[in-house]
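>>> Structure for the following, please:
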Amino acid sequence: MKKLAIFDLDGTIADTICDLGDAVNYGLEKLECPTHDYEAYKQMVGNGAKKLCFRALPEDKKDKAEELYLMFKEYYSHHYLDKTKLYDGMKETMEKIQNNGVILAVATNKPEDAAREIIAKLLPDIDFLCVLGGSDKRPLKPDPAVISEVYSLLPDEEEFCVEMIGDSNVDVMTANNADIGFIGCTWGFRGREELEACIRECKRGDSSFIAEKPSDIADIISK
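As a prediction, this is how the structure comes out:
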């Protein structure tokens, strides 16, 4: 049976939190609202850029969410790789997985254009089946629509063992809703505790694994 690995991006493949935080803080300053540090943003990301902007605003300024989103989008489009970098060992892990014949894809809630540009710049030698991100074309994760879209690009006659790899409860729930395996990344934005709690809640113990470092992903997939 062939294997398919579907990766989240933010907090899984790359540490993007500084550029995301800087872009939101740019808009918050323009709106004369309090800004946040990078650690705070780790709890706000995961459900798309619009939700990130909504969460960043104070309670009495939530009506400014669309305005903040537009400022975020404009700033981020020019600064998405200022501080963003691959996690240590991720490039080597991707190369190993690809060389073992595993098909690779990216499914993220990050705006699709930015996601594709980041992957192209950081992993130019990795051949991804697709890079799918936040778009008006489909609902965001944890809705499994993005997983179905990845499936639609695969040969119909082949059977695949599929793993979703991510760092947050959103990714656990996406795997649960799509009824596929899950590998949780403890180095990401949310950590082991959130991953394990959501795995228990979704009753996915038999189909979920925890990776402490990127190289663990290749070891798990090769089993």
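>>> What are the boundaries of the strands in this protein?
2-7, 14-15, 85-86, 103-111, 128-134, 160-166, 181-185, 208-211 (DSSP state E).
>>> hmm, who's touching the last one?
Read that as strand 208-211. 165, 172, 175, 181-186, 192, 195-196, 199, 217, 220 (C-beta atoms under 8 Å, 6 or more residues apart in numbering). C-beta here means a position set from N, CA and C on the backbone, and glycine is covered the same way.
>>> Could you identify the most distant pair in those residues?
Gly181 and Arg192 (17.9 Å; C-beta to C-beta).
>>> Looking at those two, which is more packed in?
Gly181 (21 against 15; other C-beta atoms under 10 Å).
>>> was I right about the more buried one contacting Ile165?
No - taking C-beta atoms under 8 Å as the definition, Gly181 is not a contact partner of Ile165, at 9.3 Å.
>>> Report the spatially closest residue to Asn109, excluding sequence-adjacent ones.
With C-beta to C-beta, 6 or more residues apart in numbering as the criterion, Asn109 has its nearest non-adjacent residue at 4.3 Å, and that residue is Gly48.
>>> Enumerate every residue touching that neighbour.
Taking C-beta under 8 Å, 6+ apart, one finds Asn109, Lys110, Gly134, Leu140 in contact with Gly48.
>>> of those residues, the lowest pLDDT goes to which?
Minimum pLDDT for those is recorded at Gly134 (93).
>>> Can you verify my assumption that that one contacts Ala107?
No - in this structure Gly134 lies outside contact range of Ala107 using C-beta under 8 Å: 10.4 Å.
>>> And Leu153, its phi and psi?
Backbone geometry at Leu153, expressed as degrees, to the nearest 10, gives phi -90, psi 0.
>>> could you measure it against Leu122, distance?
According to C-beta to C-beta, to the nearest Å, Leu153 and Leu122 sit 22 Å apart.
>>> buried set for stretch 131-146?
Val131, Leu132, Gly133, Gly134, Arg138, Leu140, Lys141, Pro142, Pro144, Ala145, Val146 (16 or more other C-beta atoms under 10 Å).
>>> typo on my end, it should be stretch 113-120
Applying 16+ other C-beta under 10 Å to stretch 113-120 flags Ala114, Ala115, Arg116, Ile118, Ile119 as buried.
>>> quick one: contacts for the second one?
Remark: with contacts taken as C-beta under 8 Å, 6+ apart, Ala115 is in contact with Leu9, Val106, Thr108, Val131, Leu132, Gly133, Gly134.
>>> hang on, the earlier thing: nearest to Ile13, of the buried residues of stretch 131-146?
Val131 (10.4 Å).
>>> Let me have the strands of the chain in TSV, extended by distance to Leu68.
Listed next are the strands of the chain as TSV, based on distance: least, C-beta to C-beta, whole Å:
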stretch	distance to Leu68
strand 2-7	28
strand 14-15	23
strand 85-86	26
strand 103-111	15
strand 128-134	16
strand 160-166	26
strand 181-185	28
strand 208-211	34
